[in-house]
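J.: Here is a sequence together with a model predicted from it:
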Amino acid sequence: MNISLDYTLGCGQAHRWIKRDDTWEGVIGNEIITLTQTDNGFECDGTSNENMILNYFRAKDNIQNIYNDIRRRDSYVSTLIHKYQGMRILKQDSWECIATYILATNANIKRIRQMIGMVCKECGEDLGGRYSFPTPEEVIMKADRLSNCRLGYRRQRFIELAKRISTNDIDLNTIGKLSYEECVQTLLKIKGIGPKVADCVSLFGYGHLDAFPIDTRITKILWAVYGKHGSYKQLSKFSREKFGKYAGYAQEFLYYSNPATSTFSHKI
DNA sequence: CATCAACCTGATCA
DNA sequence: ATGATCAGGTTGA
């Protein structure tokens, strides 16, 4: 399969997709998008801009070439690629990506989705059942409503981010022109962004496919599968060298694999 | 550079 | 039932 909606939209890289029966519903920009899996891809309802969807799914990537590259490098990831054929890295909007991953720090998936859903409902536009992700200006204008969103200490970071972007103190397009290393270094200066979020934004928001985000789950997997442990920097170096220019794809497969039911050489 | 408690909130577990 | 711990981390000392 070329593109799997279940794996791509269900692996946790994007937080606003909902599976209803056999279709996936999400919001991209100001449109509610409905996707239905086909044999080799998907059908799309809700937009006339097909190019936008193809870009979001990175459909022009030579996916077999990418799979083959990481397959060669590691036999365990190779089995995961076989198992989860069609998993893709998405190319998300940079603002939405930074914002959602700042909100996602130190929270579980369920809570992340709840926080983001609340933020959209309080500050975004009603599209009819679903809400747009608010612009930085909308966040600032409706900042008082964020008190209802249960964001905890993330609220101030979120508002500060919106302000800095709105005033052009942070220029998302300029960051998009940087190399992976420069991109990470720039993102790290933003309050609320540490190494993990910087890697997530580099990968999902700016398309640096060699970024390898390391969260608690990946940390456990790196220990369980490869016997590696250490600081973020050490694990990052090991993973990026091992998996190469498409390390981000390898990370997605590792993340999606279920450590609890797999056979590992080390105990978790 | 490495270490570590504190941090909002909510769910799970003992 | 009530307290500890953990969850897609980051901050500041």
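T.: Thanks, I have the structure now.
J.: Would you mark the buried spots in stretch A:17-26?
T.: For stretch A:17-26, burial by neighbour count (16 or more other CB atoms under 10 Å) applies to A:17, A:24-26. Quick note: C-beta positions are derived from backbone N, CA and C, even for glycine.
J.: For DNA strand B, state which of these is nearest.
T.: Taking CB to the nearest atom of the strand as the measure, A:W17 is the one of the buried residues of stretch A:17-26 closest to DNA strand B, at 20.1 Å.
J.: What does the residue of the stretch 151-268 of chain A found nearest DNA strand C show for phi and psi?
T.: Minimum separation of the stretch 151-268 of chain A from DNA strand C (CB to the nearest atom of the strand) falls at A:G194, amounting to 2.3 Å. Main-chain dihedrals, A:G194, degrees, to the nearest 10: phi -110, psi -170.
J.: just to revisit the earlier point, could I get the buried residues of stretch A:17-26 in JSON lines, plus columns for secondary structure, pLDDT and distance to DNA strand C?
T.: Listed next are the buried residues of stretch A:17-26 as JSON lines, based on DSSP: H, G, I helix; E, B strand; the rest coil; pLDDT from 0 to 100; distance: CB to the nearest atom of the strand, whole Å:
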{"residue": "A:W17", "secondary structure": "coil", "pLDDT": "97", "distance to DNA strand C": "10"}
{"residue": "A:W24", "secondary structure": "strand", "pLDDT": "97", "distance to DNA strand C": "15"}
{"residue": "A:E25", "secondary structure": "strand", "pLDDT": "97", "distance to DNA strand C": "17"}
{"residue": "A:G26", "secondary structure": "strand", "pLDDT": "97", "distance to DNA strand C": "14"}
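J.: Columns distance to DNA strand B on top of those residues, output as TSV?
T.: Listed next are the buried residues of stretch A:17-26 as TSV, based on distance: CB to the nearest atom of the strand, whole Å:
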residue	distance to DNA strand B
A:W17	20
A:W24	23
A:E25	23
A:G26	23
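J.: Run a quick neighbour tally on the residue of the stretch 151-268 of chain A closest to DNA strand C.
T.: By the measure other CB atoms under 10 Å, the count of residues near A:G194 is 12.
J.: In contact with it: list those residues for me.
T.: Residues near A:G194 by CB atoms under 8 Å, 6 or more residues apart in numbering: A:105, A:188.
J.: now do A:I28
T.: Contacts of A:I28 by CB under 8 Å, 6+ apart are A:47, A:52-53, A:56, A:93.
J.: so of these, which ones are in strands?
T.: Among those, none falls in strands (DSSP state E).
J.: Check these for burial and list the buried ones.
T.: If we count by 16+ other CB under 10 Å, the contacts of A:I28 have these buried: A:47, A:53, A:56, A:93.
J.: DNA strand B: which of those residues is nearest?
T.: A:D93 (24.5 Å).
J.: So what's the predicted local confidence for that closest one?
T.: A:D93 is assigned a predicted lDDT (pLDDT) of 98.
J.: just checking, it touches A:G207?
T.: No - under the criterion of CB atoms under 8 Å, A:D93 makes no contact with A:G207, lying 11.8 Å away.
J.: Pull the number of nearby residues for A:T8.
T.: For A:T8, using other CB under 10 Å, the count is 24.
J.: can you check A:C44 too?
T.: 17.
J.: And for A:L203?
T.: 27.
J.: can you tell me how far the residue lying closest to A:S4 once chain neighbours are set aside sits from A:T135?
T.: Leaving out its chain neighbours, the residue that sits closest to A:S4 by CB to CB, 6 or more residues apart in numbering is A:G86, at 3.0 Å. From A:G86 over to A:T135 the distance is 32 Å, taken as CB to CB, to the nearest Å.
J.: For the residue most central in space within chain A, give me its contacts.
T.: By CA atoms, centre = their mean, the mean C-alpha position of chain A lies nearest to A:Q13, the distance being 3.2 Å. Contact analysis of A:Q13 by CB under 8 Å, 6+ apart lists A:89-90, A:92, A:204, A:252.
J.: Could you look up the SS state of A:A198?
T.: Recorded secondary structure, A:A198: helix (DSSP: H, G, I helix; E, B strand; the rest coil).
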